[in-house]
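1. Predicted model and sequence below, questions to follow.
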2 protein chains.
Amino acid sequence: MPRYRLTLEYDGGPFVGWQRQAEGASVQASLEAAIEKLSGERVTVTGAGRTDAGVHALGQVAHFDLEKSFAPGKVRDALNFHLRPDPIAVLEAAEATGDFHARSSATSRHYLFRILNRRSPPALDRGRVWHVSPALDAEAMDAAARHLVGRHDFTTFRAAECQSQSPVKTLDRLTVSRRADEIHIEASARSFLHHQIRSFAGTLKLVGEGKWTPRDVKTALEARDRTACGPVSPPDGLYLTRVDY
Amino acid sequence: MPRYRLTLEYDGGPFVGWQRQAEGASVQASLEAAIEKLSGERVTVTGAGRTDAGVHALGQVAHFDLEKSFAPGKVRDALNFHLRPDPIAVLEAAEATGDFHARSSATSRHYLFRILNRRSPPALDRGRVWHVSPALDAEAMDAAARHLVGRHDFTTFRAAECQSQSPVKTLDRLTVSRRADEIHIEASARSFLHHQIRSFAGTLKLVGEGKWTPRDVKTALEARDRTACGPVSPPDGLYLTRVDY
């Protein structure tokens, strides 16, 4: 019973998110339908990260099992063919060992959050960036981000619906840098809490606008209180870029 | 009677092109409708480049005249407000002198053509790149491009519908470079013939695939014969990036 590992790119805009739901198109259900068209088998696909509605992926990883065996290149090309109506592309398909698990074997997840920081709204990147008009101070945002790196109780930056057993996580990287009229927030950790990066982005924006000091972010973290968080950002600018195993 | 100069970004996908036509949405008509909403005046907007259907802009330039006077910042913000349903953004609005003409005053036009060169189709950049699966040799394409730079009769690379008085143009720049899984073709000239860059892209792709040598491109140029051209590329990967005056 071969196990396959997929690397995926998708536009999260038209989906209710990664996860199959009672209503609405999901990335998971689209993939499962494409796999059934290839193999005739109904399978469950497991993803490394359950991206929210509107969140994109440049390198999501997923796995599934089949009864029949197919060459990995055939899996990639056939799934891309059957996925054609959906903005999902299989970048890579590979056979994996039976103990590989896209979610629990992951050692690190990497995200990018793009803010378009200019007066005019995006024309080409609609739904792909968070548009913020006032000029943001990326250096102050980066200084604030440094307070969040490390092992902390992230209750402040955790959505009420979060299913994680503990709010204590180790954030390996959180950096803010300017690239022309964009601000890029890059985050890496073994795992994240629900809405954690969007909570960071919304809070760091307050620092960028000068409404909060970097120190205020440290105070908010230490409060371990959801109400101390800045407004959660929209999903549009968020990309799951890579998963390490 | 003030003249305004606009710098524009747009997604060419939903439009029949820059130019107003009997049927279909055009960038020009959308702008003229937005200007009428702002000013109550019906004007004609002149663009630096008449981009085809599906061709995008990062820095198109246009001008128009109004009876009434508005602060340039107000023009930019009001047009962006009225343009909201369309993927068009006014990046900059400025007052221009009466002798400024977006088309005829331009001294140089700069285009980028993006080829996504990988096996899997684009998910996030659908309609924004030309997807070419076979691995392309960017160095051979660049060597071929060098034969096209300079003052030449470009009849080979000119669409039948071209309205230019002469097929003789000076191409100031044509370079090909690889950026990860993309091939970028960058072209600069005072002006281009109709479909000239898409004719270059389609022809250079043949070189990248090894079907033509760089020398074959020189031969095709010297033939001054439209039938010597490679297939014209789709518009999707083409961007008008900047216009100089």
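-> Received it, and whenever you're ready, just let me know what you need. Residues are numbered from 1 along each chain as shown, chains lettered A, B, ... in the order given.

2. got a list of what A:K68 touches?
-> Going by CB atoms under 8 Å, 6 or more residues apart in numbering or on different chains, A:K68 touches A:39, A:41. (Glycine included, C-beta is placed from N, CA and C.)

3. how close does it get to chain B?
-> Distance of A:K68 to chain B, computed by CB to the nearest CB, to the nearest Å: 22 Å.

4. swap in A:S108?
-> In this structure, A:S108 and chain B are separated by 21 Å, where distance is defined by CB to the nearest CB.

5. Now do the same for the residue nearest to A:E161 when sequence neighbours are not counted: its pLDDT.
-> Once flanking residues are discounted, A:E161 sits nearest to A:H194: 5.8 Å by CB to CB, 6 or more residues apart in numbering or on different chains. Residue-level confidence at A:H194 comes out at 94, pLDDT.

6. I figured A:H194 hits A:S164, correct?
-> Yes - applying CB atoms under 8 Å as the test, A:H194 and A:S164 come out as touching, 7.1 Å apart.

7. who touches both of these two?
-> With contacts taken as CB under 8 Å, 6+ apart, the residues that reach both A:H194 and A:S164 are A:R158.

8. quick one: secondary structure of A:R5?
-> Three-state secondary structure (criterion: DSSP: H, G, I helix; E, B strand; the rest coil) places A:R5 in strand.

9. Surely it touches A:A93?
-> Yes - in this structure, A:R5 is within contact of A:A93 by CB under 8 Å, at 7.3 Å.

10. Quick check: neighbours shared by these two?
-> None of the residues lies in contact with both A:R5 and A:A93 under the rule CB under 8 Å, 6+ apart.

11. For A:S164, give me the pLDDT.
-> So A:S164 comes in at 88 (pLDDT).

12. where's the closest residue to it other than its chain neighbours relative to chain B, distance?
-> Leaving out its chain neighbours, the residue that sits closest to A:S164 by CB to CB, 6+ apart is A:L193, at 5.3 Å. Spatial separation of A:L193 from chain B under the definition CB to the nearest CB is 25 Å.

13. what's the neighbour count on A:T170?
-> Neighbouring residues of A:T170 were enumerated by other CB atoms under 10 Å in any protein chain shown; the total is 12.

14. backbone phi and psi for A:K74, please?
-> When read as degrees, to the nearest 10, the backbone of A:K74 gives phi -70, psi -40.

15. Next up, the contacts around it.
-> Residues in contact with A:K74 (CB under 8 Å, 6+ apart): none are found.

16. didn't the residue nearest to A:S164 look like it was pressed against A:L171?
-> No - no contact is recorded between A:L193 and A:L171 when judged using CB under 8 Å, the distance being 10.2 Å.

17. what is in contact with those two at once?
-> With CB under 8 Å, 6+ apart, A:L193 and A:L171 have common neighbours A:F154.

18. picking up where we left off before, tell me which helix or strand the residue nearest to A:S164 sits in.
-> Using DSSP states H and E, A:L193 is not contained in any helix or strand.

19. hey, where'd the strands end up in chain A?
-> A:3-10, A:46-47, A:56-65, A:88-96, A:108-116, A:130-131, A:150-153, A:168-179, A:182-189, A:238-244 (DSSP state E).

20. Leaving out sequence neighbours, find the closest residue to A:L204.
-> If the residues on either side of it in the chain are set aside, A:L204 comes closest to A:M141, at 4.6 Å by CB to CB, 6+ apart.
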